[in-house]
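Enquirer: here is a sequence with its predicted model. Questions after.
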Amino acid sequence: MKLKRTAAVLLALLGALSAAPSPALAAGTKSETVYALLDHYGNVSAIYVVNRLSGEYTDYGRYTDIINLSTPSAPVVEGDKITFPDKYVEGGLYYQGTAKGELPFLFSVEYYLDGKRIEADKLAGASGRLKMQIRGDVNSACDERVRAGYMAQISLSLKQSVADDISAPGASTVIAGNAANISYTILPGKSGDFTLEADIRDFKMDGIVITLLKGTISGFGDAIDETKKGLDDMAGGADEMAEGTEDLKDGIKSLLGGLYKLKSGLLSIVSSGADIAKGMGTFSAGLKDYTDGVGGLAAASENIKQGLERLSSNADGVSGGVAQIDGALRSLSSNADLRSLAESLSSSDDPSVRALAQGALQTLNSLGGLSGGLGQASAAVNEFASGVKQIASQYGGFDAGLKSAADGGAQLIEGFRGIADGFSSYLSGIKKCSNGMGSLYSSVKGLPDDVQRLIDGQLEFKDGILDAKKEITQRMENFVPDDSPAVSFASPDKNHPQSVQYILKTPEIAVPKQAAADTEEKKQEDFFTRLVNLFR
């Protein structure tokens with residue numbers, strides 16, 4: 001098991017070394033790999049810098065301890081200048097220096113078991129619900145030249161035999177064999193706060209490995225400029241879209257005003273229509289009374305017509321009879337013999353005769369006056385007879401008109417009933433139209449608020465575009481061009497390395513085992529063995 005773990009660490013270190021840029025080596029080239037041992041909580045315990053020199057074996061840096069990892073030669077140290085006496089070392093000369101300083105990032109790790117904070121060493125062999133809180137922040141105390149453009153990759157592995165139901169938001173998780181390999185990334189210039197949870201049993205875990213690499217960009221300048229221009233165009237389009245939507249909202253408001261007026265007009269028609277329908281009912285009742293009256297008048301008119309006809313036919317007889325009576329009275333009143341006899345008897349001694357004679361004279365005188373009156377009456381009767389004939393001849397037309405009016409009244413009632421039924425249907429349709437218009441108005445009434453929310457969303461979209469542009473700009477500012485020179489951790493002013501990378505590691509969490517007697521032969525202290533020993 002120990003050999004397997006050593007081999008795994010060795011492979012990890014070789015992978016980290018091979019991940020660094022590897023330009024063709026030339027005289028006087030240098031690369032740095034900074035190894036930092038952290039405690040369980042992310043605090044720095046020790047820093048080792050492994051330098052690779054090629055061509056010239058002179059370097060700069062202040063170390064508390066220097067170990068030549070490639071040859072037996074000892075360096076010559078003069079202040080911060082380090083020189084190795086070797087003439088040529090195939091593959092380059094590696095040496096390790098123990099250093100102090102501020103790393104580009106600061107890290108912190110906290111552990112919780114079943115909701116309670118717990119010390120890391122007490123997690124070994126524990127069971128329950130584990131929560132790990134991992135945070136990384138840019139270290140402002142680190143030289144700005146040294147920390148510029150670095151991104152952090154935090155990796156840890158949980159064996160499925162000791163952990164399941166793993167929750168790691170924001171992580172990239174890969175299942176390899178019986179282990180879940182979990183990685184978090186913090187972009188250049190940013191901070192990261194990550195939470196990992198899992199159900200654990202007999203817990204153990206290899207140390208957390210943190211790699212700091214330059215976040216470089218290559219050939220993206222034009223693309224980023226085009227992206228920014230595109231975002232500006234999108235923001236302008238969002239503005240125009242919002243303006244157009246504002247016009248749409250104004251149009252909807254105008255439509256609402258028209259719908260409201262139409263709805264109000266229909267309600268007025270419905271209200272007035274009810275009065276009209278009521279009036280039509282009253283008119284229909286009156287029309288019925290009218291036609292009934294005309295019918296009765298037509299029946300009475302027939303009697304009048306017949307009476308006038310009879311009166312007209314009898315008028316001539318009345319006129320003739322009056323004329324005959326008038327002639328007879330005239331003849332009697334003008335009888336001289338009768339008058340002479342009455343005058344002679346009026347002086348008789350016999351009072352009875354005398355009274356009779358005087359009465360006869362009075363009668364004769366009266367008959368003369370009566371005859372004159374009958375003459376006048378005869379003329380009036382003739383005139384009356386002529387008028388009755390004229391009335392009788394003209395009343396026929398009036399009677400025919402009354403009959404026609406009586407017959408037309410029934411048709412008028414039938415026609416008006418059709419008008420009333422049609423108006424009732426019309427009014428029912430208007431009511432339905434009014435109800436539909438009310439529903440339409442209620443449905444459309446909320447549209448301006450909905451459109452305003454759309455406008456607000458469009459403006460938020462525009463703000464989001466501008467924020468995205470700002471975020472892209474800020475993020476790109478924290479990346480560095482791939483041709484920018486690396487800055488030495490050991491000596492930023494004097495060293496000019498081709499590459500610098502950082503590898504940080506926390507201790508494993510495991511139950512301590514009693515050391516077995518080492519029966520193996522003493523291993524050769526070569527370069528790779530010393531590297532592995534850094535992370536044991």
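Expert: Great, that's in hand.

Enquirer: how close does the nearest residue to Ala274 once chain neighbours are set aside sit to Ala468?
Expert: Using C-beta to C-beta, 6 or more residues apart in numbering and skipping residues adjacent in sequence, the residue nearest Ala274 is Leu427, 7.6 Å away. Bear in mind the C-beta positions are built from the backbone N, C-alpha and C, glycine included. Distance, Leu427 to Ala468, using C-beta to C-beta, to the nearest Å: 61 Å.

Enquirer: Val34 bridge partners, please.
Expert: Beta-bridge partners recorded for Val34 (DSSP bridges): Val49, Tyr502.

Enquirer: can I see the domain layout of this protein?
Expert: 2-215+479-511, 240-448 (automatic domain parsing).

Enquirer: report the distance from the last one to the chain centre.
Expert: When distances are taken as C-alpha atoms, centre = their mean, to the nearest Å, domain 240-448 is centred 72 Å away from the chain's centroid.

Enquirer: repeat that for the first one.
Expert: Domain 2-215+479-511 has its C-alpha centroid displaced from the chain centroid by 50 Å (C-alpha atoms, centre = their mean).

Enquirer: before we move on, what's the pLDDT of the closest residue to Ala510 other than its chain neighbours?
Expert: Leaving out its chain neighbours, the residue that sits closest to Ala510 by C-beta to C-beta, 6+ apart is Lys204, at 4.5 Å. On pLDDT, Lys204 comes in at 96.

Enquirer: picking up where we left off before, what helices or strands is whichever strand or helix holds the residue nearest to Ala274 leaning on?
Expert: Element membership of Leu427, judged by DSSP states H and E, is helix 351-445. In terms of contacts (3 or more C-beta pairs under 8 Å, 6 or more residues apart in numbering; DSSP states H and E), helix 351-445 is packed against helix 221-333, helix 336-345.

Enquirer: can you tell me the centre-most residue of the protein?
Expert: Nearest to the mean C-alpha position of the chain, by C-alpha atoms, centre = their mean, lies Asp450 at 5.3 Å.

Enquirer: hey, which helix or strand in the protein has the poorest pLDDT?
Expert: helix 2-19 (a mean of 40; mean pLDDT, DSSP states H and E).

Enquirer: want to throw the helices and strands packed on helix 351-445 into TSV with mean pLDDT, mean neighbour count and distance to Ser127?
Expert: Output for the helices and strands packed on helix 351-445, formatted as TSV (pLDDT from 0 to 100; neighbours: other C-beta atoms under 10 Å; distance: least, C-beta to C-beta, whole Å):
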stretch	mean pLDDT	mean neighbour count	distance to Ser127
helix 221-333	75	14	50
helix 336-345	74	13	172
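
Enquirer: right, and Gly55 touches Thr29 too?
Expert: Yes. Using C-beta atoms under 8 Å, Gly55 is in contact with Thr29, at 6.2 Å.

Enquirer: higher neighbour count, the two?
Expert: With neighbours defined as other C-beta atoms under 10 Å, Gly55 and Thr29 compare such that Thr29 has more, 18 against 15.

Enquirer: surely the more buried one touches Ser54?
Expert: Yes. Contact criterion C-beta under 8 Å: Thr29 and Ser54 qualify, at 4.8 Å.

Enquirer: quick one: Ile134 and Asp39, what's the gap?
Expert: Taken as C-beta to C-beta, the span from Ile134 to Asp39 is 14 Å.

Enquirer: between those two, which one's more packed in?
Expert: The residue with more neighbours, out of Ile134 and Asp39, is Ile134; 20 against 12, by other C-beta under 10 Å.

Enquirer: which residues are in contact with the more buried one?
Expert: Counting by C-beta atoms under 8 Å, 6 or more residues apart in numbering, Ile134 makes contact with Gly42, Phe107, Ser108, Val109, Ile154, Tyr184, Gly192, Asp193, Phe194, Thr195, Leu196, Ile208.

Enquirer: redo that, cut-off 6 Å
Expert: Val109, Phe194 (C-beta atoms under 6 Å, 6 or more residues apart in numbering).

Enquirer: just read off the phi/psi values of it.
Expert: In terms of degrees, to the nearest 10, the main-chain angles of Ile134 are phi -120, psi 130.

Enquirer: and Gly91, by the same measure?
Expert: Here Gly91 shows phi and psi, under degrees, to the nearest 10, equal to phi 80, psi 0.

Enquirer: thinking again about what came up before, measure the residue nearest to the centre of the chain to Ser366 for me?
Expert: Asp450 is 113 Å from Ser366, where distance means C-beta to C-beta.

Enquirer: which residue, other than its chain neighbours, is closest to Asn178?
Expert: Closest residue to Asn178 apart from its sequence neighbours, by C-beta to C-beta, 6+ apart: Gln160 at 5.0 Å.

Enquirer: how many neighbours does that neighbour have?
Expert: Counted with other C-beta under 10 Å, Gln160 comes out at 13.

Enquirer: ok, now Gly149?
Expert: Using other C-beta under 10 Å, Gly149 is surrounded by 21 other residues.

Enquirer: measure it to Pro507 for me?
Expert: From Gly149 to Pro507 the distance is 29 Å (C-beta to C-beta).

Enquirer: angle of the helix holding Leu427 against helix 221-333?
Expert: 180 degrees (axes from the mean of the first three to the mean of the last three C-alpha atoms, to 10 degrees).

Enquirer: what helices or strands is the following helix or strand past helix 351-445 leaning on?
Expert: Per DSSP H and E, helix 351-445 leads on to helix 447-478 as the next helix or strand towards the C-terminus. Here helix 447-478 touches helix 221-333, going by 3 or more C-beta pairs under 6 Å, 6 or more residues apart in numbering; DSSP states H and E.

Enquirer: would you mind pulling up the elements that the helix it packs on packs against?
Expert: helix 351-445, helix 447-478.

Enquirer: so which of these gets nearest Leu69?
Expert: Evaluated over these, closeness to Leu69 peaks at helix 447-478, with 33.6 Å, by C-beta to C-beta.

Enquirer: ok, of the domains of the chain, where does mean pLDDT dip lowest?
Expert: domain 240-448 (a mean of 75).

Enquirer: most distant residue from the centre of the protein?
Expert: Outermost residue of the chain (C-alpha atoms, centre = their mean): Asp349, 140.6 Å.

Enquirer: who touches it in this structure?
Expert: Applying C-beta under 6 Å, 6+ apart, no residues contact Asp349.

Enquirer: quick one on the thing from earlier: which among the helices and strands packed on helix 221-333 is found nearest to Lys288?
Expert: Of all the helices and strands packed on helix 221-333, helix 351-445 comes closest under C-beta to C-beta, at 6.3 Å.

Enquirer: what angle do that closest one and helix 336-345 make?
Expert: Going by the same axes, to 10 degrees, helix 351-445 is angled at 120 degrees with respect to helix 336-345.

Enquirer: other SSEs contacting the one helix or strand Glu110 maps to?
Expert: According to DSSP H and E, Glu110 maps onto strand 105-113. On a contact count with 3+ C-beta pairs under 6 Å, 6+ apart, strand 105-113 meets strand 128-138.

Enquirer: which helix or strand lies directly C-terminal to the strand it packs on?
Expert: Counting by DSSP H and E, the element after strand 128-138 in chain order, helix or strand, is helix 144-147.

Enquirer: output the contacting helices and strands for that following helix.
Expert: Judged by 3+ C-beta pairs under 6 Å, 6+ apart, helix 144-147 is in contact with no other helix or strand.

Enquirer: pull out the buried residues from stretch 410-430.
Expert: Leu412, Ala420, Leu427, Ile430 (16 or more other C-beta atoms under 10 Å).

Enquirer: how near is the third one to Ala126?
Expert: When distances are taken as C-beta to C-beta, Leu427 and Ala126 turn out to be 85 Å apart.

Enquirer: please name the strands paired to the strand holding Glu110 in the sheet, noting orientation.
Expert: Applying DSSP bridges, strand 105-113 is found paired with strand 116-117 (antiparallel), strand 128-138 (antiparallel).

Enquirer: thanks a lot, catch you later.
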